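Trainee: below are the sequence and a predicted model for it; my questions follow.
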Amino acid sequence: MPFRFTLKLIVGFAGITLLIPGVLRFGVLPYYDLSNNAVLASGPYTVSNKTMAIHNSAFVADLHADSLLWKRDLTERHQRGHVDLPRLKEGGVDLQVFSVVTKVPYSSNYHSNPSDSDNLPILFLGSLRNPMSWFDPMERALVQARELKQAARDSSLSIVLKKEDLSADGIKGLLALEGMHALGGDEQALNELHAAGFRMMGLAHFFDNEVAGSAHGVAKSGLTELGRVLVPKMEALGMTIDLAHASSAAIEDTLDLATKPVVVSHGGVQGACPGARNLTDEQLRRVAMNDGVVGIGFWKGAVCDASVEGIVAAILYAIEIAGIDHVGLGSDFDGHVATPFDVTGLPMLTEALLLAGLSGEEVGLVLGGNVLRVLEGNLPE
């Protein structure tokens with residue numbers, strides 16, 4: 001009797017142990033993905049034939065999507081979230097920057113976050129990823145990089161590692177790191193990330209780290225001593241530096257050191273939408289002086305009015321201050337935000353920019369021509 005009771009306990013415990021990840025993977029996480037990566041107006045989205053011709057003739061690049069975090073099969077079309085390869089094709093996208101999120105504090109906000117909490121273990125456990133990634137930001141970066149490579153093997157997606165890859169046919173993906181806390185303060189870890197395929201590096205995310213202060217951190221400091229070492233090293237490796245989420249001091253420090261163009265992959269501008277992480281006019285001018293690009297986001301925190309009209313208003317303001325050569329798209333698709341459309345709706349931005357008075361050539365620069373220029377100058381030969 002005791003043996004049978006013990007056996008039942010073991011079997012029951014094993015069943016529960018197997019059941020919980022399954023419930024998370026196929027129940028809770030898809031629901032969380034659906035509810036937190038919302039589309040405010042579902043497609044299909046329609047534009048004129050003339051607009052579609054201009055859109056399809058342009059090099060279209062989006063500087064920021066967090067789609068890898070949710071472990072969707074990117075090769076299949078989904079009814080939730082914002083990005084997958086079939087929808088990228090429908091949206092006429094040539095280059096998608098896939099950003100890798102590796103740590104998010106509890107109750108993250110735009111104003112002040114300590115670095116002593118981590119909201120991602122349950123997501124990485126529930127998505128049935130390698131246990132090494134459950135509690136280690138570096139392993140989370142590497143596992144998401146491997147998943148993008150697998151998607152490329154299973155589809156026509158190509159991954160951009162060097163300059164010539166930008167001219168490949170079809171949809172291209174570029175790996176970016178959102179916050180250099182994943183290095184754990186180890187300078188040599190940068191080489192490991194480069195070997196894993198990363199070609200864009202965000203200095204900080206929602207908290208200060210060993211490299212730089214965050215706009216949402218506690219100290220909001222500038223570049224650290226390690227950060228000042230890593231800036232030229234990233235440039236030498238052909239990695240584009242991303243100033244999104246960086247503190248004002250870190251932005252200034254980096255622009256003082258940088259010899260190659262930077263990006264602000266996703267965000268807004270104070271002149272169109274006041275906000276804790278949106279760029280001032282002076283910061284816009286400094287990015288322009290660096291020959292960099294500011295990617296305008298598509299969510300409320302970036303543009304205040306999360307609509308096609310709101311996004312276009314922010315783009316036009318950024319053009320007014322920084323110039324037409326320094327503005328691009330930085331959607332933050334799948335970044336725990338609601339956007340007015342998924343990636344298939346990008347032609348609506350093309351149409352709205354044309355109606356706002358931009359020429360076809362100018363629209364092409366905003367859609368991706370400016371991003372292409374920066375990456376061609378930064379990527380290794």
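Mentor: Structure received. Residues are numbered from 1 along each chain as shown.
Trainee: low-confidence ranges in the stretch 251-381 of the chain?
Mentor: Residue ranges of the stretch 251-381 of the chain with pLDDT under 70: none are present.
Trainee: now the helices for it?
Mentor: 281-289, 300-303, 308-322, 346-355, 360-364, 370-378 (DSSP state H, counting those that start in this stretch).
Trainee: strands of the stretch 51-200 of the chain, start to end?
Mentor: 61-65, 95-101, 158-159, 172-178, 198-202 (DSSP state E, counting those that start in this stretch).
Trainee: wait, what's in contact with residue 228?
Mentor: 253, 257 (CB atoms under 8 Å, 6 or more residues apart in numbering). Placement of C-beta: from N, CA and C, glycine included.
Trainee: sorry, wrong one. I was asking about residue 313.
Mentor: Counting by CB under 8 Å, 6+ apart, residue 313 makes contact with 272, 303, 305.
Trainee: out of the helices of the stretch 251-381 of the chain, which gets nearest to residue 226?
Mentor: helix 370-378 (21.1 Å; CB to CB).
Trainee: ok, and the closest non-adjacent residue to residue 160?
Mentor: Spatial nearest neighbour of residue 160, excluding adjacent residues (CB to CB, 6 or more residues apart in numbering): residue 174 at 4.4 Å.
Trainee: meant to ask about residue 119
Mentor: residue 104 (4.6 Å).
Trainee: nearest residue to the middle of this structure?
Mentor: The residue lying closest to the centre of the chain (CA atoms, centre = their mean) is residue 64, at 3.0 Å.
Trainee: pretty sure residue 257 sits against residue 223.
Mentor: Yes. Look at residue 257 against residue 223 with CB atoms under 8 Å: they come within range, at 7.5 Å.
Trainee: if I look at residue 166, how far off is residue 237?
Mentor: Taken as CB to CB, to the nearest Å, the spacing of residue 166 relative to residue 237 amounts to 17 Å.
Trainee: now residue 138
Mentor: Taking CB to CB as the measure, residue 138 falls 17 Å from residue 237.
Trainee: now do residue 364
Mentor: 29 Å.
Trainee: check contacts around residue 379.
Mentor: Residue 379 is in contact with 160-163, 165-166, 199, 238, 240, counting by CB under 8 Å, 6+ apart.
Trainee: let's have those residues in CSV, adding neighbour count and distance to residue 121.
Mentor: Output for the contacts of residue 379, formatted as CSV (neighbours: other CB atoms under 10 Å; distance: CB to CB, whole Å):
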residue, neighbour count, distance to residue 121
160, 21, 30
161, 16, 30
162, 11, 35
163, 15, 38
165, 17, 34
166, 19, 36
199, 25, 27
238, 18, 33
240, 27, 30
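Trainee: which of those sits closest to residue 297?
Mentor: Set against residue 297, the nearest of the contacts of residue 379 by CB to CB is residue 240 (17.7 Å).
Trainee: next one: the closest one from residue 114, what distance?
Mentor: Distance from residue 240 to residue 114, by CB to CB: 29 Å.
Trainee: could you do residue 147 as well?
Mentor: Taken as CB to CB, the span from residue 147 to residue 114 is 29 Å.
Trainee: do residue 138 as well
Mentor: As for residue 138, its distance to residue 114 is 20 Å (criterion: CB to CB).
Trainee: quick one: which of those two has more around it?
Mentor: residue 138 (19 against 12; other CB atoms under 10 Å).
Trainee: how many neighbours does the nearest residue to that one once chain neighbours are set aside have?
Mentor: Closest residue in space to residue 138, ignoring its immediate chain neighbours: residue 182 at 5.1 Å, by CB to CB, 6+ apart. By other CB under 10 Å, 27 other residues sit near residue 182.
Trainee: residue contacts, residue 182?
Mentor: Residue 182 neighbours (CB under 8 Å, 6+ apart): 100, 102-103, 137-138, 140-141, 189, 193.
Trainee: quick one: it from residue 375, how far?
Mentor: Distance from residue 182 to residue 375, by CB to CB: 22 Å.
Trainee: do the same with residue 287
Mentor: Going from residue 287 to residue 375 by CB to CB gives 15 Å.
Trainee: what touches both of residue 257 and residue 223?
Mentor: In contact with both residue 257 and residue 223: residue 231, using CB under 8 Å, 6+ apart.
Trainee: who's more crowded, the two?
Mentor: Neighbour tally, residue 257 and residue 223, criterion other CB under 10 Å: the higher count belongs to residue 223, 24 against 15.
Trainee: quick one: contacts for the more buried one?
Mentor: 203, 211-212, 231, 249-250, 253-254, 257.
Trainee: what subset of those is buried?
Mentor: Taking 16 or more other CB atoms under 10 Å as the criterion, what is buried in these is 203, 211-212, 231, 249-250, 253-254.
Trainee: could those go into TSV alongside secondary structure and distance to residue 118?
Mentor: Listed next are the buried ones among the contacts of residue 223 as TSV, based on DSSP: H, G, I helix; E, B strand; the rest coil; distance: CB to CB, whole Å:
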residue	secondary structure	distance to residue 118
203	coil	19
211	coil	18
212	strand	19
231	helix	26
249	helix	25
250	helix	22
253	helix	27
254	helix	26
